[in-house]
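> Fold the stuff below for me.
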Amino acid sequence: QQPAWQLALCAGGESGSELLALWRDGDVCLYSPRDNFTTPVGIWPSGTERDPALRRLAWNGDQTMLAAASSTGRVVVLDVKARPLHTLPASSWSREHGAGAAGPADPDARCDLAGLCFREPLGGRGMRSELLLLSCSGVLHRFYVPSAAAAAVHGSGPSRAAAPPLPLSAHHPLVSCLAF
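A predicted model of the protein is given here:
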């Protein structure tokens with residue numbers, strides 16, 4: 001049995017402060033070394049899930065946003081206080097939830113996400129990041145995500161696809177992880 005907890009460490013980034021993201025039970029908690037990781041500096045109540053071992057966490061390059069992908073395929077991008085900035089529903093990327101599905105989507109269906117990471121655009125940071133999702137079926141999905149600063153000024157608009165889905169499984173049948 002796989003552990004039901006997920007964690008991701010923010011090693012400082014532009015803000016200069018470390019944060020530890022811990023997803024346990026029904027909450028994503030952010031902890032700081034300032035108090036020896038004892039008291040959360042932010043909590044996002046994600047709700048309970050049937051398959052918590054399938055959840056994924058990833059910090060963006062400048063450590064200002066945390067992507068939290070649930071086992072049902074919903075991806076929520078949080079700021080450094082665990083406040084939601086953007087939500088990407090499973091139907092925008094998962095075939096099981098409507099992206100190319102023939103019938104009605106099952107909102108509680110399991111979405112196996114092999115990998116989740118941010119890629120900073122060429123030319124520097126600041127306005128947006130690119131969120132990469134790799135499904136277990138070997139399809140790479142890319143979404144633009146406005147930066148935390150842009151979301152604070154302009155509101156949290158929806159993320160949009162950066163490119164059409166890229167099926168990797170036809171060329172590389174054993175794709176099982178994603179790292180950038």
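> Is residue 58 bridged to anything, and to what?
residue 67 (DSSP bridges).
> Low-confidence bits of the chain, can you list those?
1-3, 12-16, 95-111, 121-127, 148-162, 171-180 (pLDDT under 70).
> which residues of it fall in strands?
Shown for the chain, the strands assigned by DSSP state E span residues 6-10, 19-24, 27-31, 40-45, 56-59, 66-69, 75-78, 84-88, 113-119, 128-135, 139-146, 160-167.
> Nearest approach to residue 94 belongs to which of those strands?
Each of those was scored for nearness to residue 94 using Cβ to Cβ, and the closest is strand 128-135 (6.7 Å). To be clear about C-beta, it is placed using only N, CA and C from the backbone, and glycine gets the same treatment.
> helices and strands around the closest one, which ones?
With contacts taken as 3 or more Cβ pairs under 8 Å, 6 or more residues apart in numbering; DSSP states H and E, strand 128-135 sits against strand 75-78, strand 113-119, strand 139-146.
> And those: which comes nearest residue 163?
strand 139-146 (5.0 Å).
> Need the CA coordinates for the closest one. CSV is fine.
This file holds the C-alpha atoms of strand 139-146, laid out as CSV (Å, rounded to 0.1, in the frame of the first residue of the first chain):
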residue,chain,number,x,y,z
VAL,A,139,-0.4,12.1,-22.8
LEU,A,140,1.3,15.3,-21.9
HIS,A,141,-0.9,18.3,-21.3
ARG,A,142,0.4,21.9,-21.0
PHE,A,143,-1.5,24.9,-19.5
TYR,A,144,-0.5,28.5,-19.0
VAL,A,145,-1.0,29.6,-15.4
PRO,A,146,-0.8,33.4,-14.5
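> That one to strand 113-119, inter-axis angle?
40 degrees (axes from the mean of the first three to the mean of the last three Cα atoms, to 10 degrees).
> From start to finish, how long is stretch 69-86 in a straight line?
12 Å (Cα to Cα, to the nearest Å).
> Report the buried residues of it.
69-80, 82, 85-86 (16 or more other Cβ atoms under 10 Å).
> do the same with stretch 22-35
Neighbour-count burial for stretch 22-35, counted by 16+ other Cβ under 10 Å, picks out 22-23, 28-32.
> Report the two of these separated the most.
23 and 32 (16.6 Å).
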